[in-house]
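Visitor: need coordinates for the below:
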Amino acid sequence: QTNFIGGGINAITKSGTNTYKGTAYIYHQNENMRGDAIDRETILGAREKDQSTTYGFTIGGPIIKNKLFFFANYERTNKEYPNLYGVDSGNSKVNTEQAKDILTMLQKMAEKQGVAFNDYFSNQDIYTKSDKAGLKLDWNINEFNKFAIRWSLVKAEQLSGGGSASSLNSYAYSYPFKSNTNSFIAELQSRISPNVSNEARVSFVRVRDSRDIKANLPMISITGVGSGTVNIGTERNSQANYLNQDIWTIEDNLTWLRGNHTFIFGTHNEFYHFKNMFISDKFGSYTFKGFDNFKAYYDDYMADKLDPNKAYMNQYRYGQANTDVTGDPNWASEFSSGQFGFYAQDKWNASNNFTLTYGLRLDIPVFFDTPMENAEFNALSEKMGWGMKTNDKLNFSPMLSPRVGFRWDINNDRKFILRGGAGVFTGRIPFVWVSNNFSGTGLQLSSYDSNNSSTKGLELILDPSKQNANADKMKVTAGNQNIAVCSK
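Guide: Below is the predicted model of the structure:
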């Protein structure tokens with residue numbers, strides 16, 4: 001086995017039988033089903049709204065008796081609890097009245113700019129919910145071959161960005177994180193001879209993770225409002241963020257019984273395709289240090305008296321895709337990779353009470369795509385002797401994993417059993433990190449970051465599609481560029 005560090009869990013899914021069977025269940029818990037006092041002393045907040053519900057069903061049976069069977073299941077889970085740090089909750093360290101004033105001022109500035117700033121403060125409940133479903137078909141082809149195909153779905157959603165005691169967030173700042181996973185697996189088990197059997201498996205997994213933002217708004221963050229920070233608009237890292245994964249797996253295991261040895265020879269190969277969009281600050285992000293600085297900007301802006309030599313804001317950030325290179329303002333880095341695995345194992349029943357298992361695994365990660373060439377950076381790298389290029393393909397060395405384990409039934413009566421083992425285990429490569437090499441060549445994306453005095457002359461633009469007006473002002477000054485490259 002591979003792609004885990006520390007431990008692995010093998011799960012066997014249910015199958016249908018010659019008898020029709022089904023189950024249904026529901027589990028529910030809320031704040032009224034728990035105590036609210038210790039030693040007859042009431043605990044404040046112990047009965048705050050908090051509910052969790054899980055329900056589902058299973059059903060299985062024969063399509064053709066002794067030949068073809070089905071099994072299906074469904075489960076839904078929903079957990080909700082109140083946002084303890086919402087506006088007027090009493091738990092926030094943020095000055096609520098000033099926070100409301102900030103939102104009102106933003107809406108007035110937006111009206112002057114001719115745009116709608118549809119955001120507000122709310123005490124929306126925090127939730128986690130999911131739907132799980134599955135369907136399995138088992139086919140007894142003949143005495144020597146069995147075939148199974150299985151589909152499963154996990155559809156989950158969680159509200160993030162609810163805030164904290166020192167952070168008061170608007171409705172648009174929080175976002176549902178959605179994750180949908182569809183899995184398809186086909187398996188053929190064959191008995192070739194009394195001593196030889198084979199198991200072949202093909203699977204496809206489709207994963208779609210995204211932040212389902214509620215509005216396209218710039219982020220405005222004001223620190224020092226009371227004893228905390230006010231965040232309004234769309235959270236900066238969520239403005240353009242999703243990850244799509246398509247994973248194919250082809251696996252085959254041949255088992256050979258010979259005397260007191262059980263040999264397994266196999267291969268496990270995975271093929272990945274990733275599409276990752278991550279454009280921070282796509283709608284613009286503004287930070288003001290203190291309520292008074294924001295109020296000063298508002299007063300001067302509404303009176304058409306902005307001072308171009310005054311730094312009203314503490315930081316401005318903006319990111320965009322370079323459409324002359326990408327052709328798409330919502331560009332996402334895209335690449336394919338894989339991992340080939342080969343292994344052999346022997347399970348030796350050395351005696352009636354002692355079993356020794358040992359084996360060797362070889363894994364070979366590969367990349368099928370190459371990042372884009374940045375000719376200017378490559379020329380500079382050669383001149384400086386860095387020895388790196390943006391279009392270098394990441395190379396991996398083959399990974400060898402020897403392993404050994406034993407099982408000793410000390411008295412041969414199953415009362416005292418000692419197990420042990422040692423080996424090398426490797427985890428799956430964090431490919432989402434490697435995607436930086438495809439998006440960080442310095443060609444597809446541009447990012448702007450201005451701090452303190454360098455924000456002079458910048459304005460608070462509440463139209464997410466017009467942030468280039470500030471970016472154009474920043475281009476005239478010197479800056480830095482970050483480029484991601486492979487060192488090996």
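
Visitor: since we're on Asn169, how many residues are nearby?
Guide: Neighbourhood size, Asn169 [other CB atoms under 10 Å]: 26. Using the backbone N, CA and C atoms, a C-beta is placed for each residue, glycine as well.

Visitor: contacts only, for it.
Guide: Contacts for Asn169 (CB atoms under 8 Å, 6 or more residues apart in numbering) come out as Gly161, Gly162, Gly163, Asn231, Ile232.

Visitor: over to Lys466: give its phi and psi.
Guide: In terms of degrees, to the nearest 10, the main-chain angles of Lys466 are phi -120, psi 20.

Visitor: same question, Ser439
Guide: According to degrees, to the nearest 10, Ser439 has phi -100, psi -20.

Visitor: which residue ranges of the protein form helices?
Guide: Ranges of helices within the chain are 96-113, 291-302, 323-326, 375-384, 431-434, 436-439, 468-474, based on DSSP state H.

Visitor: before we move on, the earlier item: now the contacts of Asn169 as CSV including neighbour count and distance to Ala110?
Guide: Shown next, in CSV, are the contacts of Asn169 (neighbours: other CB atoms under 10 Å; distance: CB to CB, whole Å):
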residue, neighbour count, distance to Ala110
Gly161, 20, 21
Gly162, 20, 24
Gly163, 26, 23
Asn231, 25, 17
Ile232, 25, 11
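
Visitor: Asn244: neighbouring residues, count only.
Guide: Neighbours of Asn244 (other CB under 10 Å): 16.

Visitor: what is it paired to in the beta sheet?
Guide: With DSSP bridges as the criterion, Asn244 is bridged to Arg208, Lys275.

Visitor: that one contacts Val205, doesn't it?
Guide: No - in terms of CB atoms under 8 Å, Asn244 does not count as a neighbour of Val205; the distance is 11.6 Å.

Visitor: could you work out the most separated pair of the contacts of Asn169?
Guide: Comparing every pair within these by CB to CB identifies Gly162 and Ile232 as the most remote, at 14.4 Å.

Visitor: now render the helices of the chain as CSV, adding distance to Leu356.
Guide: Shown next, in CSV, are those (distance: least, CB to CB, whole Å):
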stretch, distance to Leu356
helix 96-113, 67
helix 291-302, 71
helix 323-326, 57
helix 375-384, 52
helix 431-434, 36
helix 436-439, 43
helix 468-474, 66
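
Visitor: among those, which is nearest Tyr316?
Guide: That would be helix 468-474 among the helices of the chain, by CB to CB, at 6.3 Å.

Visitor: show me what that closest one is packed up against.
Guide: Using 3 or more CB pairs under 8 Å, 6 or more residues apart in numbering; DSSP states H and E, the elements in contact with helix 468-474 are strand 315-321, strand 445-451.

Visitor: relative to Asn395, which of those strands is closest?
Guide: Of all the helices and strands packed on helix 468-474, strand 445-451 comes closest under CB to CB, at 24.7 Å.

Visitor: buried set for the closest one?
Guide: Leu445, Ser446, Tyr448, Asp449, Ser450 (16 or more other CB atoms under 10 Å).

Visitor: and Asp209, what's its pLDDT?
Guide: Asp209 carries a pLDDT value of 96.

Visitor: low pLDDT regions in the stretch 301-450 of the chain?
Guide: 432 (pLDDT under 70).

Visitor: grab the nearest non-local neighbour of Arg24.
Guide: Rather than Arg, residue 24 is Ala. Phe57 (4.5 Å; CB to CB, 6 or more residues apart in numbering).

Visitor: and the one you found, how many residues sit next to it?
Guide: When neighbours are counted by other CB under 10 Å, Phe57 comes out with 13.

Visitor: kindly report the same for Ile102.
Guide: If we define neighbours as other CB under 10 Å, then Ile102 has 23 of them.

Visitor: which of the contacts of Asn169 fall within strands?
Guide: Asn231, Ile232 (DSSP state E).

Visitor: closest to Asp472 out of the contacts of Asn169?
Guide: Ile232 (24.9 Å).

Visitor: okay, the closest one: pLDDT?
Guide: For Ile232, the predicted pLDDT is 97.

Visitor: quick revisit: ok, the buried residues of strand 445-451 vs Asn309, which is closest?
Guide: The closest of the buried residues of strand 445-451, once distances to Asn309 are taken by CB to CB, is Ser450, at 14.9 Å.

Visitor: if I pick that closest one, what's in contact with it?
Guide: Gln315, Tyr316, Arg317, Leu458, Met474.

Visitor: look up how far Met474 lies from the residue most central in space within the chain.
Guide: The centroid of the chain falls nearest to Asp209 when counting by CA atoms, centre = their mean (6.0 Å). Between Asp209 and Met474 the distance is 32 Å, computed by CB to CB, to the nearest Å.

Visitor: likewise for Trp256?
Guide: 68 Å.

Visitor: how about Phe288?
Guide: Distance from Phe288 to Met474, by CB to CB: 18 Å.

Visitor: hmm, Ser221 and Lys289 touching each other?
Guide: No - judged on CB under 8 Å, Lys289 makes no contact with Ser221 at a distance of 9.9 Å.

Visitor: looking at those two, which is more packed in?
Guide: Ser221 (23 against 17).

Visitor: that one reaches Asn231, doesn't it?
Guide: Yes - using CB under 8 Å, Ser221 is in contact with Asn231, at 5.1 Å.

Visitor: list residues touching both of the two?
Guide: With CB under 8 Å, 6+ apart as the test, Ser221 and Asn231 reach no residue in common.

Visitor: could you check which of Phe288 and Met474 has the larger neighbour count?
Guide: More crowded of Phe288 and Met474, by other CB under 10 Å: Phe288, with 26 against 17.

Visitor: returning to that earlier point: how far away is the residue nearest to the centre of the chain from Ser227?
Guide: In terms of CB to CB, Asp209 sits 35 Å off from Ser227.

Visitor: next: Asn378.
Guide: 50 Å.
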